[in-house]
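>>> Predicted model and sequence below, questions to follow.
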Amino acid sequence: MKRPSFRVSAFQDKVYRAVSKIPRGRVSTYALVARHIGCGSARAVGQALRRNPFAPRVPCHRVIASNLGIGGFNGHRTGRDIARKFSMLEEEGVRFAAGRLAERDRLYGFGETP
DNA sequence: ACATGTTCCTTAC
DNA sequence: GTAAGGAACATGT
């Protein structure tokens, strides 16, 4: 222990910073985060979140797909890991239905698009 | 189906 | 130790 693999690149720093900014009871999308950090690829954001060196510190579970889908979690797209993500969001006040966000008003636009 | 950006791994010298 | 290439990915339109 002297050198945790916390090699966070500038891009990841932006992603974590943006995601960490999402308030509780709110959710955001990969595309929205990507756009906020100036990246035209939501997939890149997913890659950064997938590494997630800052575990619960970064509310990666508050980031969902642009189609209000759940996205992924822990490297798996389907399974109990996803169920856990739903539980966390529901506990924060975010309601889901049929694997999708029930209310789109829960989306957080980083205060960019009023 | 294709496009976009980043990360990770393997191989080579 | 450093360099280069290719493959994979928690997406989006």
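Done, it's in. Residues are numbered from 1 along each chain as shown, chains lettered A, B, ... in the order given.
>>> Tell me which residues touch the residue of chain A found nearest DNA strand C, please.
Residue nearest to DNA strand C within chain A: residue A:72 (1.9 Å; CB to the nearest atom of the strand). All C-beta atoms are positioned from the backbone trio N, CA, C, and that covers glycine. Taking CB atoms under 8 Å, 6 or more residues apart in numbering, we find residue A:72 in contact with A:46, A:50, A:82.
>>> how about a markdown table for those residues, with secondary structure and distance to residue A:12 added?
Formatted as a markdown table, the contacts of residue A:72 follow (DSSP: H, G, I helix; E, B strand; the rest coil; distance: CB to CB, whole Å):
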| residue | secondary structure | distance to residue A:12 |
| --- | --- | --- |
| A:46 | helix | 12 |
| A:50 | helix | 10 |
| A:82 | helix | 23 |
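>>> Would you confirm that residue A:104 contacts residue A:67?
No. Residue A:104 is not in contact with residue A:67 according to CB atoms under 8 Å; the separation is 10.7 Å.
>>> Who are the contact partners of residue A:25?
Here residue A:25 is in contact with A:92-94, A:106 (CB under 8 Å, 6+ apart).
>>> Show me the beta-bridge partners of the residue most central in space within chain A.
In chain A, the C-alpha nearest the mean C-alpha coordinate belongs to residue A:63, at 2.3 Å (CA atoms, centre = their mean). On the basis of DSSP bridges, residue A:63 is bridged to residue A:28.
>>> What separation do you get for it and residue A:30?
Per CB to CB, to the nearest Å, residue A:63 is found 6 Å from residue A:30.
>>> One more: residue A:95?
20 Å.
>>> Which one's more surrounded, the two?
Between residue A:95 and residue A:30, counted using other CB atoms under 10 Å, the more crowded position is residue A:30 (25 against 11).
>>> Please list all residues in contact with the more buried one.
By CB under 8 Å, 6+ apart, residue A:30 lies in contact with A:42-43, A:45-46, A:49, A:63-66, A:71.
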